[in-house]
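Asker: predicted model and sequence follow; I will ask about them next.
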Amino acid sequence: MAARHHLESALELDPSLAWAWAMLGAQETYSGHLHKAVANYERALRLSPHDPMRFSYYFGIGAARYGLGEYEDALPMLEQGYIEAPGSTWAPRLIMACAAELDLTERMQETAAIVRSLTPDSSAEDLTDSAPIRDQGYRDRLTSSFRKAGF
């Protein structure tokens with residue numbers, strides 16, 4: 001609640017502050033307002049297309065689209081974010097989840113191997129519990145996707 005207040009205050013002062021739009025997108029994703037999240041992240045990308053943090057905007061769009069069940073639209077966003085930030089630990093999890101939902105077996109197995117290398121003893125529930133998402137429907141979808149991927 002306080003974070004949202006500060007982000008909205010920052011945007012009143014500077015409506016072109018891309019990072020604040022992105023962080024508001026994160027707030028919306030965590031709260032289950034996924035269409036708003038996509039719009040906020042896309043706005044951040046339009047405002048700052050060469051931002052060194054744009055990988056997080058791609059991740060955010062991908063995460064929100066995954067939550068909406070728009071796997072075909074989520075996957076390229078997540079992939080682009082991962083290209084720009086290959087050290088990410090969360091991106092492979094969502095890429096794996098999207099690949100599982102799209103029946104992209106080879107891609108799912110590839111990213112499952114990465115996830116296992118980072119968190120060798122994780123279950124689907126452990127992976128879901130590490131997500132900051134509060135929306136139960138989203139969390140249930142994650143757990144189901146992780147199970148499809150063999151966790």
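Answerer: Received it, and whenever you're ready, just let me know what you need.
Asker: for the chain, name the helix or strand with the lowest mean pLDDT.
Answerer: Ranking every helix and strand in the chain by mean pLDDT, DSSP states H and E puts helix 2-13 at the bottom, with a mean of 90.
Asker: got the CA positions of the very next helix or strand once past that helix in CSV?
Answerer: Stepping forward along the backbone from helix 2-13, the first helix or strand reached (DSSP states H and E) is helix 18-31. Once side chains and other backbone atoms are set aside, the C-alpha atoms of helix 18-31 remain, and they are given as CSV (Å, rounded to 0.1, in the frame of the first residue of the first chain):
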residue,chain,number,x,y,z
ALA,A,18,9.5,4.7,-16.7
TRP,A,19,10.9,3.0,-13.7
ALA,A,20,7.9,4.1,-11.6
TRP,A,21,5.5,2.8,-14.3
ALA,A,22,7.4,-0.5,-14.2
MET,A,23,7.2,-0.8,-10.5
LEU,A,24,3.5,0.0,-10.5
GLY,A,25,3.3,-2.8,-13.0
ALA,A,26,4.9,-5.1,-10.5
GLN,A,27,2.4,-4.0,-7.9
GLU,A,28,-0.4,-4.8,-10.2
THR,A,29,1.1,-8.2,-11.1
TYR,A,30,1.5,-9.1,-7.4
SER,A,31,-2.1,-8.1,-6.7
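Asker: check which helices and strands helix 18-31 is in contact with.
Answerer: If contacts are counted by 3 or more C-beta pairs under 8 Å, 6 or more residues apart in numbering; DSSP states H and E, helix 18-31 sits against helix 2-13, helix 34-47, helix 54-67. Heads up, the C-betas are built off the backbone N, CA and C, glycines and all.
Asker: out of these, nearest to Thr89?
Answerer: helix 54-67 (11.2 Å; C-beta to C-beta).
Asker: ok so, going back, hey, which of the helices and strands packed on helix 18-31 is tucked in deepest?
Answerer: Relative to the other members of the helices and strands packed on helix 18-31, helix 54-67 carries the highest mean neighbour count by mean count of other C-beta atoms under 10 Å, namely a mean of 25.
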